[in-house]
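Q: Okay, sequence plus prediction incoming.
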Amino acid sequence: MLLDLLFPRRCLGCGRSGNYFCAACLNRLLLQPERICPICSQFSPGGLAHPGCRQKNSLDGLTSIFRYEGLIKKAIKKLKYKFITDLAADLTEALVSFCGEDKIFVNACRQAILVPIPLHSSRLRWRGFNQAALLGKMIAQNLDLKFMPDLLIRQKKTTPQFERDKKARYENLKGAFVVNKDSSFMIQDSSFMIFDDIFASGATLNEAAKTLKQAGARQVWGLALAR
C-alpha cells in the first residue's frame, strides 16, 4: 500500500495513474488477426497444427493472443529486464480477457495441466524469477487449471535465439528439457498447456512438447502471450 502511494502505477500507454493498462489503452491492444499452425506458421482455424505438420512435430496447437509490438512489447520487456513483477497481474488480466472468447482454446484447456517454460538455473539466478512461471501461475488460477511449474527442467544452457534462423533455433533447443523424475508419473495420458511469454519460431514450445510427448503425454497445446 505504501509503495503504491510512493510509486503509483501508471499506464504504460498514456501515463494515466491507476494500472499499467488503462481501460482505453487495453482496448487498443493489437490482437493477432488470425490463428496459425505452430509448426509452419500458416493460417489454421483455431491454431490447430496441420495434420501433416503434426506428424513431424509435437505441438497439437497454439493460442497466441497479442502482437509482439507496441504496448505489449513494452510491458513484457519491463517485466523481464526491469524486473517490474507487478506487471504480471495486468498482463494476465489482459490475456484472460481475450482468450476466453476462443472456443477451441477453451476446449483445449479442459483438464489440461499448465506448465511454464523453465529457465536454465544460471538465467534464473540472474533474473531472480521466471517470468513464464510468474505469469503461468496467475493464468492457471484464472482459468482454473492445475499448475505444475517444476514438471520440466531446462538442463541445457542455450545461446540467444534472436540472430538464428528457424532451422538453427530448432537445433539450438535440441535436448534442452528433461522431465522432473519426481513428477513423471503425472504425464501418462495427460493433456498439457505449455506457456511462454513470446512465440517466435516455435522452437522452444515444440521442444518442450516433444519432451512431454516422449514421456507419455496425450496432448500438448502451446499458449503464448504474444507473437
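A: In hand now; what should we look at?
Q: ok, which stretches of the protein are helices?
A: With DSSP state H as the criterion, the chain has helices at 2-6, 23-26, 51-54, 70-81, 87-99, 103-109, 121-127, 131-143, 166-173, 203-214.
Q: Of these, which is nearest residue 179?
A: Of all the helices of the chain, helix 203-214 sits nearest to residue 179, with 6.2 Å by Cβ to Cβ. Every C-beta, even on glycine, is put in place using the N, C-alpha and C of the backbone.
Q: what's the closest non-adjacent residue to the residue positioned nearest the centre of the chain?
A: Geometric centre of the chain, nearest residue: residue 196, 2.1 Å, by Cα atoms, centre = their mean. Of all residues beyond its chain neighbours, the one nearest residue 196 is residue 117 (4.3 Å), with distances taken as Cβ to Cβ, 6 or more residues apart in numbering.
Q: Contact partners for the one you found?
A: Going by Cβ atoms under 8 Å, 6 or more residues apart in numbering, residue 117 touches 132, 152, 154, 194, 195, 196, 204, 205, 208.
Q: let's go with 10 Å and repeat that
A: 130-133, 136, 152, 154, 176-177, 194-198, 204-205, 207-208, 222, 224 (Cβ atoms under 10 Å, 6 or more residues apart in numbering).
Q: same thing with residue 142?
A: 92, 93, 95, 96, 97, 99, 100 are the contacts of residue 142 under Cβ under 10 Å, 6+ apart.
Q: Let's see that with 8 Å instead.
A: Per Cβ under 8 Å, 6+ apart, neighbours of residue 142: 92, 93, 96.
Q: go on, residue 95?
A: Contacts of residue 95 (Cβ under 8 Å, 6+ apart): 65, 66, 135, 139, 225.
Q: got the phi/psi numbers for the closest residue to residue 189 other than its chain neighbours?
A: Using Cβ to Cβ, 6+ apart and skipping residues adjacent in sequence, the residue nearest residue 189 is residue 218, 4.9 Å away. Main-chain dihedrals, residue 218, degrees, to the nearest 10: phi -80, psi -40.
Q: I appreciate the help and will end here.
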